[in-house]
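Visitor: what follows is a predicted structure for the sequence shown.
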Amino acid sequence: MGLDSIINGTGFMHISGLNVLMFFVAFIFLYLAIVKDYEPLLLVPIGFGILVGNLPPMQGLMLGVYDEGSVLYYLYQGVSLGIYPPIIFLGIGAMTDFSTMLSNPKLVLLGAAAQTGIFLTFIGAIYLGFSPQESGAIAIIGGADGPTAIFLSSMLAPKLLGPIAIAAYSYMALVPVIQPPIMKLLTTKKEKLMRMKAPRVVSKKEKIIFPIVAFLISCLIAPGAVSLLGMLFFGNLLKESCVTERLANTARNTMIDTTTILLGITVGASTQAQTFLTPQSLMIFGLGALSFVIATASGVLFAKFMNLFLKEENKINPLVGAAGVSAVPDSARVVQHVGQTYDKKNFLLMHAMAPNVAGVIGSAIAAGVLLAVLGKM
């Protein structure tokens with residue numbers, strides 16, 4: 001074996017300009033996570049996964065997520081087969097307190113209104129030439145729900161899974177950047193200063209009954225969402241029943257953390273430059289941004305519409321409508337931050353959590369409807 005063979009066997013001899021470009025994308029993700037603290041639990045694994053996925057392929061070596069037989073290929077099956085998202089929903093359910101939503105049920109409508117972005121983007125994707133199945137998978141990005149986007153794209157448009165997943169998680173991470181300008185633009189100073197009455201105390205019995213009843217109703221409406229919503233409400237029942245604390249603790253800590261690591265690094269590794277950097281990917285990112293903007297605006301505007309019919313003491317601060325997207329709890333925190341820039345004693349976080357968790361349910365139901373309709377075509 002000569003020196004030439006050793007040199008030719010290194011990645012330096014096979015790397016392309018496109019791979020280098022993807023390295024810079026990975027550096028941006030890592031910068032946003034480490035320096036700006038934007039969704040580090042997601043962006044660090046994804047950013048490092050992009051580095052892994054864009055090492056140049058070596059002839060005879062099975063290394064990447066698309067190389068059958070490689071370690072990454074088998075780890076990626078959790079993404080491509082839609083296994084990881086329901087596990088993440090289990091952990092989210094075990095973390096989530098639905099009491100704010102139960103105390104003020106009308107705020108659920110804001111979570112529903114924010115799903116407008118999904119269906120308008122579906123129409124836009126069809127117009128741009130994507131197939132109905134691809135359009136459905138792209139549209140769900142507007143829900144700002146990475147696991148749901150991965151689940152639906154794995155079922156309807158597996159070839160677009162990489163760019164859809166990266167777009168969904170990118171916009172989730174950029175919630176603090178994207179949402180505030182829209183919220184400020186669509187509300188008056190008087191509306192921003194509006195205070196809401198304190199939510200009522202929700203009983204333990206209500207908290208236990210809710211995940212059971214909500215599961216049956218939502219999954220009868222959208223059977224295609226049973227994998228996601230079943231795990232979400234099961235995780236919540238583990239938490240609220242108070243008799244399975246060990247299981248709830250495992251679901252919201254060890255299990256969700258392990259799954260997030262595996263999902264993040266394998267999704268990142270699926271973004272090989274040769275298949276990722278395409279005109280389709282750019283259109284997906286553009287449509288995803290549009291979808292997210294529409295979803296945020298829809299929530300705010302619908303809150304303003306609801307106020308036309310509510311008594312003064314029951315009116316909703318329209319900023320809360322922006323939390324209708326399902327980026328939990330980041331959108332709710334953004335509402336709190338924007339509200340307190342105008343009134344430091346105005347506490348909107350608990351109110352905003354109601355449409356925020358409703359948005360999680362709404363985006364999963366929307367995914368179930370799209371899967372049921374488009375999966376048969």
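Guide: Arrived safely.

Visitor: residue 338 and residue 319 touch, don't they?
Guide: Yes: the pair residue 338 and residue 319 qualifies as a contact (C-beta atoms under 8 Å) at a distance of 5.7 Å. Just so you know, the C-beta spots here come from the backbone N, C-alpha and C atoms, and that holds for glycine as well.

Visitor: which residues in the stretch 101-250 of the chain form strands?
Guide: Secondary structure of the stretch 101-250 of the chain, counting by DSSP state E, counting those that start in this stretch: no strands present.

Visitor: how deep is the closest residue to residue 242 other than its chain neighbours tucked in, by neighbour count?
Guide: Leaving aside its chain neighbours, residue 242 sits nearest to residue 204 (7.7 Å; criterion: C-beta to C-beta, 6 or more residues apart in numbering). The criterion is other C-beta atoms under 10 Å. On that basis, residue 204 has 11 neighbouring residues.

Visitor: give me the mean pLDDT for stretch 118-127.
Guide: Throughout stretch 118-127, pLDDT has a mean value of 90.

Visitor: swap in stretch 95-106?
Guide: Model confidence over stretch 95-106, given as mean pLDDT, is 92.

Visitor: stretch 139-152 now?
Guide: When the per-residue pLDDT values of stretch 139-152 are averaged, the result is 86.

Visitor: output it as CSV, nothing but the C-alphas.
Guide: Written as CSV, here are the backbone C-alpha positions of stretch 139-152 (Å, rounded to 0.1, in the frame of the first residue of the first chain):
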residue,chain,number,x,y,z
ALA,A,139,-47.8,22.1,4.8
ILE,A,140,-47.5,20.6,8.3
ILE,A,141,-44.3,22.7,8.8
GLY,A,142,-46.6,25.6,9.6
GLY,A,143,-47.6,23.9,12.8
ALA,A,144,-44.1,24.4,14.1
ASP,A,145,-44.1,20.8,15.3
GLY,A,146,-41.0,18.9,14.2
PRO,A,147,-42.1,15.4,15.3
THR,A,148,-45.4,15.7,13.5
ALA,A,149,-43.7,17.0,10.4
ILE,A,150,-41.3,14.0,10.5
PHE,A,151,-44.1,11.5,11.1
LEU,A,152,-46.3,12.8,8.2
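
Visitor: now that stretch: buried residues?
Guide: By neighbour count, with 16 or more other C-beta atoms under 10 Å as the criterion, the buried positions of stretch 139-152 are 139-152.

Visitor: and if you look at stretch 173-189?
Guide: When burial is assessed from 16+ other C-beta under 10 Å, stretch 173-189 yields the following buried residues: 173-176, 178-180, 182-183, 186-187.

Visitor: repeat that for stretch 209-216.
Guide: Those would be 210-211, 214-215, for stretch 209-216 by 16+ other C-beta under 10 Å.

Visitor: quick one: which of those is nearest to residue 244?
Guide: residue 211 (12.4 Å; C-beta to C-beta).

Visitor: okay, the spatially closest residue to the closest one that is not a sequence neighbour and residue 115: tell me how far apart.
Guide: Nearest non-adjacent residue to residue 211, counting by C-beta to C-beta, 6+ apart: residue 233, 3.9 Å away. According to C-beta to C-beta, to the nearest Å, residue 233 stands 19 Å off from residue 115.

Visitor: same question, residue 326
Guide: Residue 326 is 9 Å from residue 115, where distance means C-beta to C-beta.

Visitor: so where is this protein shaky, pLDDT-wise?
Guide: For the chain, residues meeting the criterion pLDDT under 70 lie at 1-14, 58-60, 376-377.

Visitor: point to the residue nearest the middle of it.
Guide: Within the chain, the residue whose C-alpha comes closest to the C-alpha centroid is residue 145; the distance, by C-alpha atoms, centre = their mean, is 1.8 Å.

Visitor: quick one: which of the buried residues of stretch 173-189 is nearest residue 15?
Guide: Nearest to residue 15 among the buried residues of stretch 173-189: residue 173, at 27.3 Å, using C-beta to C-beta.

Visitor: what's the closest non-adjacent residue to that closest one?
Guide: Here the residue nearest residue 173, using C-beta to C-beta, 6+ apart, is residue 39, at 3.8 Å.

Visitor: now do the phi/psi pair for the one you found.
Guide: Dihedral pair for residue 39: phi 40, psi 60, per degrees, to the nearest 10.

Visitor: same question, residue 305
Guide: Given degrees, to the nearest 10, the pair of backbone angles that residue 305 has is phi -60, psi -40.

Visitor: and the helices in the stretch 51-200 of the chain?
Guide: Using DSSP state H, counting those that start in this stretch, the helices of the stretch 51-200 of the chain run over 71-80, 84-95, 99-103, 108-113, 116-127, 132-139, 146-156, 161-173, 175-186, 189-192.

Visitor: now do the fourth one: which elements does it pack against?
Guide: Secondary structure elements in contact with helix 108-113, counted by 3 or more C-beta pairs under 8 Å, 6 or more residues apart in numbering; DSSP states H and E, are helix 279-307, helix 349-374.

Visitor: relative to the whole chain's centre, how far out is it?
Guide: 17 Å (C-alpha atoms, centre = their mean, to the nearest Å).

Visitor: which residues sit against that helix?
Guide: 101, 298-299, 301-303, 306, 316, 320-321, 323-324, 326, 354-362 (C-beta atoms under 8 Å, 6 or more residues apart in numbering).
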